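Chemist: Structure for the following, please:
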Amino acid sequence: MTDPVLDIRGLKIALPKGADRPFALAGLDLSVRPGEIVCLVGESGSGKSLTAGAIMRLLPEPHVRVAEGTIRFEGQDLLALSEREMKQIRGDRIAQIFQEPMTALNPQKTVGWQIDEVLRLHTRLGRKARRARVLELLDLVHIPDPPSVFNAYPHQVSGGQRQRVMIAMALACEPKLIIADEPTTALDVTTQLQILKLIRELQEKEGAGILFITHDFGVVAEIADRVVVLSKGEMVEQGPAAEVLNRPRHPYTRALIGAIPALVPPAPRDFDAAPVVLKAEGLVKTFAARGSLISGKRAPVKAVDNLSFTLRRGETLGVVGESGSGKTTVSRIVTRLLESDCGAVEVDGTDLLACSPRELREMRRHIQMVFQDPMASLNPRKRVEDLIAQGPIVHGAEPRAARARARELLELVELSPAAATRYPHEF
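Modeler: Reported below is the predicted structural model:
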């Protein structure tokens, strides 16, 4: 047996006063050997991402901090290193694929510049060699038209493509340890399979150890060598992937596996007589070519091409496609967060695209959107209670009643009412 590339012993991460428990992690033992993929599994809030933050020394100290334990990388205690020494390791020998690409990427820099920065800091490659390597990495993670995306800003590519950019950055220096924090959450299933295969290939080629954080047991079955299961900061089960998946011992692990959705559609229902709630006709949206003398030019992208559909009351319509196929663009046109080049959108018979700003504001109470990237959607300066209550208050609700309703809604989505006073980054 080879020595572990990552060895965690007795790790405790303390939470601030008023949290739902004193420790985010309560004595975690975990190791990752070279060439091994260890999946860290658990529900949201179980401590998975804070484990990654502790390894990378990126915890929001002093409010959230390591209280006890050791974290050794290739025999070196990371908790004993200075910040300067950690900077030399981050991105080079240890790389992380972050869960929220829109908040991890710099909105003021192009995609190519940001990947190039990793190579500029950690290698001696010249400018031309770095550019060639960046384009190679973009192609490696299956981004279409790498030269165009090289010159694009993060907001100009789809959510799935942003996630692939993050993966390309992590792979740039061929690190010895990769921490993948739910890297396939925003990806379509075909790209997800490609990325999992790519991570496996890197692990086999370079002997990298991979700590793969996920809640998806489909991903676990596809990629894991070993599995560690967390529940509210406590490790409840660990072992070889086949054993944990096929013969789970702990009730919590059995509950997680039992919650995997089956690919069985519901019984068909007849909606022909139901009134039409949403009708779209001939939607077209092309994003024009953009660029500058510094970043170069990006080719125009036709995101939506003559799309029409109808949605009736009580019906659920699934819009499915690969990353970059135009799904989010359609949702933004329907909610009038983006103007279409042509076409019509009717909500309960009202032409949404023809509404004045005042009429549109009134219509917004009848149309709601759950965004893909919550950290880029929530105002970081407002508490959760105020964020939830803001919509009803804008539309005339009494503020005290709106905030009381906000606490009820938090319970509805299985969060403690005490979470109402937190800021988005505290989740």
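Chemist: pLDDT below threshold where in this protein?
Modeler: 1, 185-188, 202, 206, 290-298 (pLDDT under 70).
Chemist: which helix is the longest one in it?
Modeler: helix 189-206 (DSSP state H).
Chemist: Pretty sure residue 373 sits against residue 104.
Modeler: No: with contacts defined as CB atoms under 8 Å, residue 373 does not count as touching residue 104, sitting 10.5 Å away. Using the backbone N, CA and C atoms, a C-beta is placed for each residue, glycine as well.
Chemist: measure the spatially most distant residue from the centre of the chain to residue 313 for me?
Modeler: Most distant from the centre of the chain: residue 273, at 39.1 Å, with distances by CA atoms, centre = their mean. Separation of residue 273 from residue 313 (CB to CB, to the nearest Å) stands at 10 Å.
Chemist: go on, residue 337?
Modeler: Using CB to CB, residue 337 is found at 23 Å from residue 313.
Chemist: next one: residue 148
Modeler: Taking CB to CB, one finds residue 148 at 41 Å from residue 313.
Chemist: Looking at these two, which one has more neighbours?
Modeler: Comparing residue 148 with residue 313 by other CB atoms under 10 Å, the one with more neighbours is residue 148, at 21 against 11.
Chemist: Counting by contacts, list what the helix or strand where that one lies packs against.
Modeler: Here residue 148 sits within helix 146-150, counting by DSSP states H and E. Under the contact criterion of 3 or more CB pairs under 8 Å, 6 or more residues apart in numbering; DSSP states H and E, helix 146-150 touches helix 111-122, helix 127-140, strand 296-298.
Chemist: May I have the longest helix of the chain exported as CSV, CA atoms only?
Modeler: Coordinates of the C-alpha atoms in helix 189-206 are reproduced here as CSV (Å, rounded to 0.1, in the frame of the first residue of the first chain):
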residue,chain,number,x,y,z
VAL,A,189,-25.7,13.9,-18.6
THR,A,190,-23.6,13.3,-21.7
THR,A,191,-21.1,16.0,-20.7
GLN,A,192,-21.1,14.6,-17.1
LEU,A,193,-20.1,11.2,-18.4
GLN,A,194,-17.3,12.8,-20.5
ILE,A,195,-16.0,14.8,-17.5
LEU,A,196,-16.1,11.7,-15.2
LYS,A,197,-14.2,9.8,-17.8
LEU,A,198,-11.7,12.7,-18.2
ILE,A,199,-11.1,12.8,-14.4
ARG,A,200,-10.7,9.0,-14.3
GLU,A,201,-8.2,9.3,-17.2
LEU,A,202,-6.1,11.9,-15.4
GLN,A,203,-6.2,9.8,-12.2
GLU,A,204,-4.9,6.8,-14.2
LYS,A,205,-2.3,8.8,-16.2
GLU,A,206,-0.8,11.0,-13.5
